[in-house]
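Enquirer: Following is a predicted model, sequence given first.
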Amino acid sequence: MAGLRRSGLFVPVNVERFLAKASERGADATQLDLEDSIAPADKPDARRKVEAAVARLRREGRSDVL
């Protein structure tokens, strides 16, 4: 999505229920969070999930993925 971003949604990449609904929320950009919303012990698992999460959100094509 090119142009002005008026809204953004931060989504913890390791919480499936949030990721599943991210594209339905109407945000101009979806930021996959790997820091603040992820417990330190869960960070390695979250990092492994990033590539698939980006591909999924791009397929759904409703917002920029950051």
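Expert: Received the coordinates, thanks.

Enquirer: Need the phi and psi values for the closest residue to L4 other than its chain neighbours.
Expert: Of all residues not flanking L4 in the chain, D28 sits nearest, at 7.6 Å (C-beta to C-beta, 6 or more residues apart in numbering). Yep, even glycine has a C-beta here, placed from its N, CA and C like the rest. Main-chain dihedrals, D28, degrees, to the nearest 10: phi -70, psi -30.

Enquirer: ok so Q31 is a helix residue?
Expert: No. Counting by DSSP: H, G, I helix; E, B strand; the rest coil, Q31 is not found in a helix; it is strand.

Enquirer: now it, which residues is it bridged with?
Expert: According to DSSP bridges, the partner residues bridging Q31 are F10.

Enquirer: re earlier: now the residue nearest to L4: how far from D45?
Expert: Distance of D28 to D45, given as C-beta to C-beta, to the nearest Å: 28 Å.

Enquirer: what do you get for S63?
Expert: Separation of S63 from D45 (C-beta to C-beta): 24 Å.

Enquirer: which of the two has more neighbours?
Expert: Neighbours per residue, other C-beta atoms under 10 Å: of S63 and D45, the larger number sits with S63, 22 against 12.

Enquirer: For the closest residue to V13 other than its chain neighbours, report the pLDDT, please.
Expert: Excluding the flanking residues, the one nearest V13 by C-beta to C-beta, 6+ apart is L32, at 4.5 Å. L32 carries a pLDDT score of 94 in this model.
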